[in-house]
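Student: pasting the structure only:
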């Protein structure tokens, strides 16, 4: 999401010519930050609501019966059986497909943006495939790798765990760099972060690092 949202904001400036880099047009800052704030709050509200529903459902079904070692998606679907009965597998499948349709474009797109910008390739979904061949090739490759993993002899639950660990390991240094950049007035101009927001950002960064270390320690233990 670091790469995806940042890149989409840049693309919007090309789609809407009136939008200009806020450092050069600080007068647009109030409306732009309000729009970004609403977008972020709504997105985080939905994502946290979904995560809370998963935690409560799993705790009230599997965990309460001592089921703590889940190896397959079929076993995870059992969490819905007390509520959905014989339709548990169907509902779980629809949920997985729906989640995939939402997540795959974002995850694959984020990878394509990250690789493309690091390699200084032409990037952006507003470009035609011929204008950004390497970008779209990376997007397709990332999607294919995800599909191939379904046929590999890999424990999907462990794959989810380690993908979360890898995401955390990568996110921490990105958050550190982001906080350093956001705290520098020579880069951010009047939009430099100060006060409580600055310290909360650093606290979140440190907490993320702590969570990653705890996950690695718990798995090793």
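Tutor: Structure received. All figures in this text were calculated on a predicted structure; none of them were measured in a lab. Residues are numbered from 1 along each chain as shown.
Student: okay, residue 156: pLDDT?
Tutor: Residue 156 carries a pLDDT value of 71.
Student: ok, it to residue 137 distance?
Tutor: 27 Å (C-beta to C-beta, to the nearest Å). C-beta: built from backbone N, CA, C; applies to glycine.
Student: elements contacting the lengthiest helix in the chain?
Tutor: Longest among the helix segments of the chain by residue count, using DSSP state H, is helix 29-61. Helix 29-61 sits against helix 81-84, with contacts defined as 3 or more C-beta pairs under 8 Å, 6 or more residues apart in numbering; DSSP states H and E.
Student: relative to helix 29-61, how tilted is whatever helix or strand residue 100 lives in?
Tutor: Residue 100 is located in helix 88-118, with elements delineated by DSSP states H and E. Helix 88-118 and helix 29-61 are oriented at 140 degrees to each other (axes from the mean of the first three to the mean of the last three C-alpha atoms, to 10 degrees).
Student: and the next helix or strand past helix 88-118?
Tutor: Criterion used, DSSP H and E; the element after helix 88-118 is helix 133-149.
Student: now tell me what touches that following helix from outside.
Tutor: Helix 133-149 is contacted by residues 104, 107-109, 111-113, 115-116, 119, 121-124, 127, 129, 159 when judged by C-beta atoms under 8 Å, 6 or more residues apart in numbering.
Student: quick one: buried ones out of those residues?
Tutor: 107, 108, 109, 111, 112, 113, 115, 116, 121, 123, 124 (16 or more other C-beta atoms under 10 Å).
Student: how about the residues you listed in TSV, adding distance to residue 86?
Tutor: Shown next, in TSV, are the buried ones among the contacts of helix 133-149 (distance: C-beta to C-beta, whole Å):
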residue	distance to residue 86
107	32
108	34
109	37
111	38
112	41
113	43
115	44
116	46
121	50
123	47
124	46
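Student: columns pLDDT on top of those residues, output as a markdown table?
Tutor: Putting the buried ones among the contacts of helix 133-149 into a markdown table (pLDDT from 0 to 100) gives the following:
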| residue | pLDDT |
| --- | --- |
| 107 | 78 |
| 108 | 83 |
| 109 | 81 |
| 111 | 83 |
| 112 | 86 |
| 113 | 84 |
| 115 | 87 |
| 116 | 86 |
| 121 | 87 |
| 123 | 83 |
| 124 | 80 |
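Student: which two among those residues are spaced furthest apart?
Tutor: 107 and 121 (18.7 Å; C-beta to C-beta).
Student: tell me how far residue 217 lies from residue 158.
Tutor: In this view, residue 217 and residue 158 are 17 Å apart by C-beta to C-beta.
Student: er, residue 39 I mean
Tutor: Between residue 39 and residue 158 the distance, using C-beta to C-beta, works out to 33 Å.
Student: cool, and residue 114?
Tutor: Remark: distance between residue 114 and residue 158 (C-beta to C-beta) = 24 Å.
Student: who has more neighbours, those two?
Tutor: Neighbours were tallied for residue 114 and for residue 158 using other C-beta atoms under 10 Å; the higher tally belongs to residue 114 (18 against 11).
Student: picking up where we left off before, any idea of the angle the helix holding residue 100 forms with helix 133-149?
Tutor: Using the same axes, to 10 degrees, helix 88-118 lies at 150 degrees relative to helix 133-149.
Student: where in the protein is pLDDT low?
Tutor: 1, 73, 79-80, 83-84, 219-221 (pLDDT under 70).
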